[in-house]
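Q: this one's structure only:
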Ligand code: FES
Ligand SMILES: [Fe+2]
């Protein structure tokens, strides 16, 4: 992980004051070669056809690495969580050997769902509620009622839970329903090595929302694969970031994942609004970092570098180790989309984690998840999350809030995204929708659909 390492020699020779550009390497920003983007239309039926949804299930969902939960949810042997994906339920449990294993959550006697709670702990076994079969934390069937009555021989040790590949990265538990899946680290290449510097395994989940909405799961991933919508869906955000594509970088990787760098800490150079609006938009952040913005009133673009320098200067005193981040990482938006359905939007002090899961039966519905993962400063137990506009506590893990769209908030920014998807779904299924007509800056969407088609064609 050379790219995230601080060079100690350079640090020793560093001047006592900024400029500090270049000392902290952070994530390698080298532009990835542009892949071939095929000119396949994004047709409306991809968002409502049951046949297409079934093809996605058969050839993609059941063959790709997916996140089941957090390692921190199963700290002790016997701790377990379950997660739903489509019509499947996956059981993940930490064994006595500390290993986390994943199984289909189904009893091998006559198919009853084995575990119904989202999380919990077993002293030694899971017991099926129907006829009492018991499985240990390695999935082995070790006790059945009337064991002597099976003409075909005892099922114990034989009809074990069906295990599937399971691995961990960055504090997340990943599973894959394909028995011969390629290793997780291959799937995540080159994203995982870039994101390692954020140490997400040390972050705490401080917001956890699942919404059911009337839109296909791809509306979610499409949306987080472009920033073209920012001035119209999030006009307030454009006061404190530079969304114009000409100042952003987009990288598309052969693995199907993508990233975007967008300058933050101030608006784009063509901003026409008032400096007071910019100061207000950055208010909490400027206050926390004790930066007086007045000297930049007539030179707003300098605010970004001033904020970077201030974070570098005060970071350690405020309990942060920013040495793994470049200056850009301290203010800018580092946004990653992981194929097929996850986004990581990285901040120096946290991550907005977003996911669109398919509904079990209806392609026009989605289960949208938003987690905010907070990196608490050293020694802090309470922290104001500027991204969420909320105080969070290290002692109170987030409660899972669930509801329909509009019933539960995902925070001010994401709520604006969510509000648009149902309306888009209505248009996508209209006879009047004539397929997409996208600008080049939205090519991550085309690439995402192209990769989905590769799975459906059996090429991956
Ligand atoms: S279905 Fe589980 S014990 Fe019968
Ligand atoms: Fe958005």
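A: Looks like it came in fine. Since we're looking at a predicted model, the values are computed, not measured. Numbers count the residues shown, from 1 in each chain. Ligands and ions are numbered 1, 2, ... in the order given.
Q: Ramachandran angles for the residue in the stretch 251-400 of the chain that ligand 1 sits nearest to?
A: Across the stretch 251-400 of the chain, no residue is closer to ligand 1 than residue 360, which sits at 20.6 Å (Cβ to the nearest ligand atom). Every C-beta, even on glycine, is put in place using the N, C-alpha and C of the backbone. Dihedral pair for residue 360: phi -60, psi -30, per degrees, to the nearest 10.
Q: Next one, pLDDT for it please.
A: Predicted confidence (pLDDT) for residue 360: 96.
Q: Hmm, residue 89 and it touching each other?
A: No - contact criterion Cβ atoms under 8 Å: residue 360 and residue 89 do not qualify, at 10.0 Å.
Q: These two: which is more packed in?
A: residue 89 (18 against 14; other Cβ atoms under 10 Å).
Q: what's the spacing between the nearest residue to the more buried one once chain neighbours are set aside and ligand 1?
A: Spatial nearest neighbour of residue 89, chain neighbours left out: residue 105 (3.9 Å); criterion: Cβ to Cβ, 6 or more residues apart in numbering. Residue 105 sits 12 Å away from ligand 1, going by Cβ to the nearest ligand atom, to the nearest Å.
Q: how many other residues sit next to residue 105?
A: Around residue 105 there are 22 residues (other Cβ under 10 Å).
Q: pretty sure it contacts residue 117?
A: No - with contact defined as Cβ under 8 Å, residue 105 does not count as touching residue 117 (10.7 Å).
Q: which residues are common contacts for these two?
A: Common contacts of residue 105 and residue 117 (Cβ atoms under 8 Å, 6 or more residues apart in numbering): residue 82.
Q: what about residue 354, how many neighbours?
A: Around residue 354 there are 24 residues (other Cβ under 10 Å).
Q: Strands of the stretch 251-400 of the chain, start to end?
A: 258-262, 333-338, 342-347, 350-358, 366-374, 382-385, 390-393 (DSSP state E, counting those that start in this stretch).
Q: Which one of those has the poorest average confidence?
A: Among the strands of the stretch 251-400 of the chain, strand 382-385 scores lowest, with a mean of 82.
Q: so what secondary structure elements neighbour it?
A: strand 366-374, strand 390-393 (3 or more Cβ pairs under 8 Å, 6 or more residues apart in numbering; DSSP states H and E).
Q: how about 6 Å then?
A: strand 390-393 (3 or more Cβ pairs under 6 Å, 6 or more residues apart in numbering; DSSP states H and E).
Q: quick one: strands adjacent to the helix or strand just after the strand it packs on?
A: Using DSSP states H and E, the helix or strand that follows strand 390-393 in sequence is strand 401-404. Paired with strand 401-404 in the same sheet, following DSSP bridges, are strand 204-213 (parallel).
Q: okay, now residue 438: neighbour count?
A: So residue 438, with other Cβ under 10 Å, has 15 neighbours.
Q: and the gap between it and residue 226?
A: Separation of residue 438 from residue 226 (Cβ to Cβ, to the nearest Å): 8 Å.
Q: so where's the stretch 1-150 of the chain uncertain?
A: 1-23 (pLDDT under 70).
Q: Could I get the full set of strands for it?
A: 66-70, 79-85, 88-94, 100-104, 119-121, 125-127, 134-136, 141-143.
Q: Export the ones you listed as CSV, with columns for distance to residue 291.
A: Shown next, in CSV, are those (distance: least, Cβ to Cβ, whole Å):
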stretch, distance to residue 291
strand 66-70, 34
strand 79-85, 41
strand 88-94, 43
strand 100-104, 43
strand 119-121, 41
strand 125-127, 54
strand 134-136, 56
strand 141-143, 61
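Q: Wait, residue 363 touches residue 52, no?
A: No - look at residue 363 against residue 52 with Cβ atoms under 6 Å: they stay out of range, at 7.2 Å.
Q: between the two, who's got more neighbours?
A: Under the criterion of other Cβ under 10 Å, the comparison of residue 363 against residue 52 puts residue 363 first, with 24 against 18.
Q: so what's that one scoring on pLDDT?
A: 98.
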